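Enquirer: Take a look and give me a structure for this.
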Amino acid sequence: MKALPKHEPKHEPVRFGHTTLPGEQQDALRKAVKFEWITLAFLAASTALVYVVLGNSQAMKAAWVEDLLSFLPPLSFLVASRAIRKRPSEEHPYGFHRAVGIAHVVAAVALTVMGAYLIVDSGIGLLTGEHPTIGGFEFFGQTIWLGWVMILAMVLTAGPPVYLGHVKMKLAEKLHDKVLYADADMNKADWMTAVAAAVGVAGIGFGWWWADAVAALVISASILHDGIRNTRAAISALMDKRARTFDDAEPHPLGGRIDDYLSSLDWTGTARSRIRDEGHVFHVESFVVPVDGQMPSMKQLEDARQACIDLDWKVQDMVIIPVSELPSEYLPGVAVSGGER
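Expert: Predicted coordinates for the structure are as follows:
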């Protein structure tokens with residue numbers, strides 16, 4: 001009897017709106033979702049551990065609050081990654097990609113507000129000269145200083161986020177995901193929070209009451225810095241700022257590649273594009289000036305459009321607009337004559 005062929009289970013293709021992700025990005029998305037769930041599980045354990053040994057230390061309190069805030073980016077990513085898979089509709093013709101930007105803003109504003117609150121709270125403690133005390137507990141007839149347990153908790157919770165941050169940073173680049181990048185960036189810096197809290201607790205043990213408040217201020221300043229930086233980036237993206245790389249380090253090079261390709265066509269004199277970052281994907285409007293004012297054929301326009309889409313999976317919506325000269329009102333930095341300033 002002939003054996004039936006074995007069918008390997010296959011994943012359903014993943015879409016962002018009406019864009020089917022390439023295999024590399026589909027794998028990256030699945031890994032990102034997995035690591036975000038791992039992050040949430042770790043945060044649940046670490047937050048509970050830090051809360052149990054919190055004591056009267058302001059530094060430990062700030063570290064615990066940061067752990068609580070660290071839930072926001074992975075939760076935002078998981079919610080947004082589901083929302084953006086919906087196809088465009090009549091009410092949402094551009095799709096649901098802005099869900100990423102909204103998630104980014106929510107997480108960033110929460111970080112900013114809580115960072116500012118903790119700075120004020122820690123600063124008041126320092127100015128009023130609060131002397132935190134850390135007691136001890138009995139363990140098999142021996143009295144053990146609770147500060148050692150606090151420091152051990154910080155050491156145990158310092159390492160895993162750094163590893164998770166490095167992994168998620170690579171996935172954020174592949175997916176062009178700024179929420180995932182913000183989460184990874186915070187994870188990579190978590191060791192500094194752990195060190196600052198441990199130093200603050202050790203300072204109390206040495207009798208340096210102020211060390212705890214100073215450590216809390218350092219942690220709070222780190223939270224506020226992350227919040228302000230991410231808030232600025234998230235709001236700029238929602239205001240249709242020029243498309244930039246996943247880490248906001250520089251303008252995205254895709255615009256230059258599209259312009260170079262369109263300008264190289266036989267029927268094109270010059271071309272310039274403006275690109276709007278919708279979240280993971282781009283909306284591209286390219287203005288082309290045909291040679292000698294001769295209108296290109298429908299096939300030439302369609303071929304050029306498809307070629308631009310094929311340049312990068314992030315090109316979701318592509319519009320090519322033939323014009324007699326590059327419009328300076330739509331392309332700041334371009335002179336009316338069509339040349340660059």
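Enquirer: And V53, its phi and psi?
Expert: Backbone torsions for V53, taken as degrees, to the nearest 10, come to phi -100, psi 20.
Enquirer: My guess is it contacts V149. True?
Expert: Yes: taking contacts as Cβ atoms under 8 Å, V53 lies within contact range of V149: 5.1 Å. C-beta coordinates here come from the backbone N, C-alpha and C atoms, glycine included.
Enquirer: Which helix or strand contains the residue nearest the centre of the chain?
Expert: Central residue of the chain (Cα atoms, centre = their mean): V179, 2.4 Å from the mean position. For V179, the host element (DSSP states H and E) is helix 178-188.
Enquirer: repeat for L164
Expert: Using DSSP H and E, L164 falls in helix 146-175.
Enquirer: end to end, how far does stretch 238-250 reach?
Expert: 17 Å (Cα to Cα, to the nearest Å).
Enquirer: swap in stretch 87-96?
Expert: Terminal-residue distance, stretch 87-96 (Cα to Cα): 8 Å.
Enquirer: quick one: buried residues of that stretch?
Expert: For stretch 87-96, a neighbour-count test (16 or more other Cβ atoms under 10 Å) marks 95-96 as buried.
Enquirer: who's in contact with it?
Expert: 15-18, 83-84, 86, 278, 281, 283, 316-317 (Cβ atoms under 8 Å, 6 or more residues apart in numbering).
Enquirer: any idea of the mean pLDDT in it?
Expert: Stretch 87-96 shows a mean pLDDT of 84.
Enquirer: chain center to that stretch, what's the gap?
Expert: 23 Å (Cα atoms, centre = their mean, to the nearest Å).
Enquirer: Then stretch 271-282?
Expert: For stretch 271-282, the distance to the chain centre is 18 Å (Cα atoms, centre = their mean).
Enquirer: Could you do stretch 210-225 as well?
Expert: 23 Å.
Enquirer: Which positions in it come out as buried?
Expert: 211-224.
Enquirer: and what of stretch 193-203?
Expert: Neighbour counts over stretch 193-203 (16+ other Cβ under 10 Å) mark 193-203 as buried.
Enquirer: Please identify which of those residues is nearest to I228.
Expert: T193 (16.9 Å; Cβ to Cβ).
Enquirer: That'll do, ta.
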